[in-house]
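Trainee: Have a look at this prediction, sequence included:
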Amino acid sequence: MTRRALTAATAVALAFGMTCALGACEGTVPTVNAPTSAASATPDLTEAQEQRIRADLLATIKECNDTKDPTNLAQAMSGPELQIRTSELKVAQKNGKLDPKTTIPDDLTQTVIPTDNGWPRAVFSITTTTEDQQSERLLVFTQGDARENYRLWAVARLFQGAKMPKFTVPSIGSQMGHEDDGNLVMTPKEAVTRYADVLQNGTKSQYASDFGDDYFRDNLAQLSATVQQGMERNKGTQRQTFTPVDGQMQIMRSSDGGDLVVAQIDSVWTRAAGEGRESQPASDAERAIFADGKATSTMKATYVNVVAIYIPPAKSGQKVQAVGAERQVVKVEAV
Amino acid sequence: MNDGQEEETHVPRRHPAPSRHAKIMRGIVTPIFGLLAVTCIVFGILNQTIWEPSRDVTAVAHMDGIQYAVIDPGVLDLVDKSVQVRVEATSVEPASGTTASSDDAHDANTTDGATADTVKEPATCIAIGSPKDASGWLAGESYTRVTGLDSWSALSTTNEQARGNASTSDQQVAFADSDMWTSTSCGKTSASLRLPDAKATQVAIVDFGGKASDATISMHWVRQSVPNFALPWYFAGGLCIILAVLSASVFAMDPATRRNRFAKVVKPRKKKEQVEETTTIAAAVAGTFASMKPRRRPKGADGKPRGRHGRHAGTAAQETEPPQIIDPTSRNLVAEQTHRVDASGQSQDTSPRSTTSATTSDEATSVITPEELQAYFARLVREETGSIPVVTTDEPTGTVTEATTMQSDDAAQASVTVETAVTDDAPDATTKDGSADRDGETSADAQNKEND
């Protein structure tokens, strides 16, 4: 009997307790789960953001192209591309039309978005071929600071048939490289310095065999040889020096462990005419930049070169290969 | 059997005065459970209707003298994926030395207004971005962190100083113009941003454009799934109802009575079997005597066979008899047969079987004398050399057997009885020529069937 009463009392107490516990319940307040470490490896931009940024920048650039006025270019461009495009617009002002090589297609074949947390950040995008079947462009957008926006830092025209390395899809994101990345055939900094040497000295360079043949190198050697022939006829001299620009280098790691390096190499082409002759600009662009300058016996043309070099991993046994380049005279002076 | 059932149902009625235990259970415990059940159901209904948790959750945080606020990752989608963030400041003191904010949110992504030279009115903006971008933007600044919910109506906040150095770039853009944000919304002193699909990796970053005084951040979620608090109440109510019913019935019984009752609940089957057995034995005995009954009973003109066979052939004639006698299970055929064999063994093993001869031999056993037996044998020898009366008397037996065999095709039970009947008739089969083969076949068939 007492046990039964006890059971009944327990039941009553339980029911009463439940009443109190559930009577005015709103549910427990949800708590925030600590963000997982995977969150830090997310791409810095979505593809949509990249597209929006690129579209905005290209719109600004197009505006400048149309007005042939480089004033607002700094909003959309930085680094070597700002120098190149400013010069190109100056040439266009003189010649009345923009060189077709300045075209940047709107559509992309690929974009490479970094996952790095810090700044500066760089996004590599590869466009489609142009409407007039020029080769694809490699665009490099950089964001120098969290409070800055992305700007077009470099454009390199990819060589016909150049074999580009593979990159991780933009939804996963790639990792940016450093100037002194190891486990490669050579570090990016070395590669740019040595390539500059190869450009300057051609096949006589001690590094010539480290680099595969490419269109840019062959073209420069050919041009140099042609000018050299002309100069020799009037006992003149010509000399071209290539100097990598410190800090002007963007590196992206490919999925096979190699690095794609885009770097600025400045070159100065000094041509001295012999036998009391005047040294004239060597091209339409030089002429446009030289403008109304007074020619003397010696002419010094400064070029900005952008080269895209793929450095394969050390174990691959491949040569370092230039895959794209851009070259534009930015200053022509008579000395 | 019927008597037993009646006895069971009458047991509780034998106690007109309930015990003290029953009184407590029915008078106190049952009403308590009943009341609890009603309370639970009422609370359940209340929880389902007026106390239903609100679908709209709005939580607010207050802050003062701060320019930036960050809603932590995981807070935006804390209650639901769809969230509306609203920030408001009573007044904003323009920050000195900082670049002006964008005056127009719609121009957020056009680049021509990126670097503002003139100091414009501060704007309050909300932007959605990734945590690393937010911390990059806030480098070197102090800000308020919204870390979660303190209650359903209050956000929890902490004040922090972001690591890193403030940007010194001359290319700084306005907050709303940054490329890093996936969406932005700006207003003069208040801004509102609706996020239909918030992710745990997203943060919201708020820039009041200057030191904001008496600022609030409110987050509004519309819950798609509201917790159901009514169901546990209904469940508890149902349990209480069951307990009330049980305490009024089973638990109210005296433990001893309940045990007895349970014993009875369990027993009847055993008892039934016992009763069945006893009735079977009784019926066997009764059946033995009942076999004599047909003798008194006027035999049908159509030559209806004895009770045993009649049971298989048809029950029309037996309907008038008491159930104990006609019940098939109450007949012990083995016992019956043994009795019959004994009886016939006492009289004559070779005597031709007929309904009348069998019963007469039974009767004669007690009064027969050696002299009469001698005379009977003599008569029998005479009869056998002459006409055979067996043929005429056995004809109906043969047809009955055949009919039973046909029935046996369907049921094994029947085949068993058929077998019994056939073995019973075996002496007849040996004596007669005409039906011998047929009977042998049917018995073989029946046995085969049984083996199958």
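Mentor: Yep, that arrived. Residues are numbered from 1 along each chain as shown, chains lettered A, B, ... in the order given.
Trainee: Would you work out how far apart the start and end of stretch A:277-288 are?
Mentor: 21 Å (CA to CA, to the nearest Å).
Trainee: got a pLDDT number for the closest residue to chain A within the stretch 101-250 of chain B?
Mentor: Using CB to the nearest CB, the closest approach of the stretch 101-250 of chain B to chain A is made by residue B:136 at 3.2 Å. C-beta here means a position set from N, CA and C on the backbone, and glycine is covered the same way. Reported pLDDT at residue B:136 in the predicted model: 89.
Trainee: Check residue B:21 too.
Mentor: What the model reports for residue B:21 is a pLDDT of 82.
Trainee: max-length strand in the chain?
Mentor: Picking chain A for this. Ranked by residue count, the top strand of chain A under DSSP state E comes out as strand A:237-253.
Trainee: oops, I was thinking of chain B
Mentor: Per DSSP E, chain B has its longest strand at strand B:203-222.
Trainee: is any part of that one close to chain A?
Mentor: No: using CB under 8 Å from any CB of the partner chain, strand B:203-222 never reaches chain A; the gap is at least 9.6 Å.
Trainee: Report the backbone C-alpha coordinates of that strand in PDB.
Mentor: Extracted in PDB, the C-alpha atoms of strand B:203-222 (Å, rounded to 0.1, in the frame of the first residue of the first chain):
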ATOM      1  CA  VAL B 203      30.000  37.800 -41.700                       C
ATOM      2  CA  ALA B 204      28.200  41.100 -41.800                       C
ATOM      3  CA  ILE B 205      30.300  44.200 -41.400                       C
ATOM      4  CA  VAL B 206      28.800  47.400 -40.400                       C
ATOM      5  CA  ASP B 207      30.300  50.800 -41.000                       C
ATOM      6  CA  PHE B 208      28.500  53.800 -39.500                       C
ATOM      7  CA  GLY B 209      30.800  56.100 -41.400                       C
ATOM      8  CA  GLY B 210      32.000  57.700 -38.100                       C
ATOM      9  CA  LYS B 211      31.600  57.300 -34.400                       C
ATOM     10  CA  ALA B 212      28.000  56.400 -34.000                       C
ATOM     11  CA  SER B 213      26.100  57.300 -30.800                       C
ATOM     12  CA  ASP B 214      23.200  55.200 -29.500                       C
ATOM     13  CA  ALA B 215      23.400  52.700 -32.400                       C
ATOM     14  CA  THR B 216      21.500  49.500 -32.600                       C
ATOM     15  CA  ILE B 217      21.900  46.400 -34.600                       C
ATOM     16  CA  SER B 218      18.800  44.200 -35.000                       C
ATOM     17  CA  MET B 219      18.600  40.900 -36.600                       C
ATOM     18  CA  HIS B 220      15.300  39.500 -37.700                       C
ATOM     19  CA  TRP B 221      14.800  35.900 -38.600                       C
ATOM     20  CA  VAL B 222      11.600  34.200 -39.700                       C
END
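Trainee: what's that strand packed up against?
Mentor: Applying 3 or more CB pairs under 8 Å, 6 or more residues apart in numbering or on different chains; DSSP states H and E, one finds that strand B:203-222 contacts strand B:56-63, strand B:66-71, strand B:83-94, strand B:124-129, helix B:131-137, strand B:190-195.
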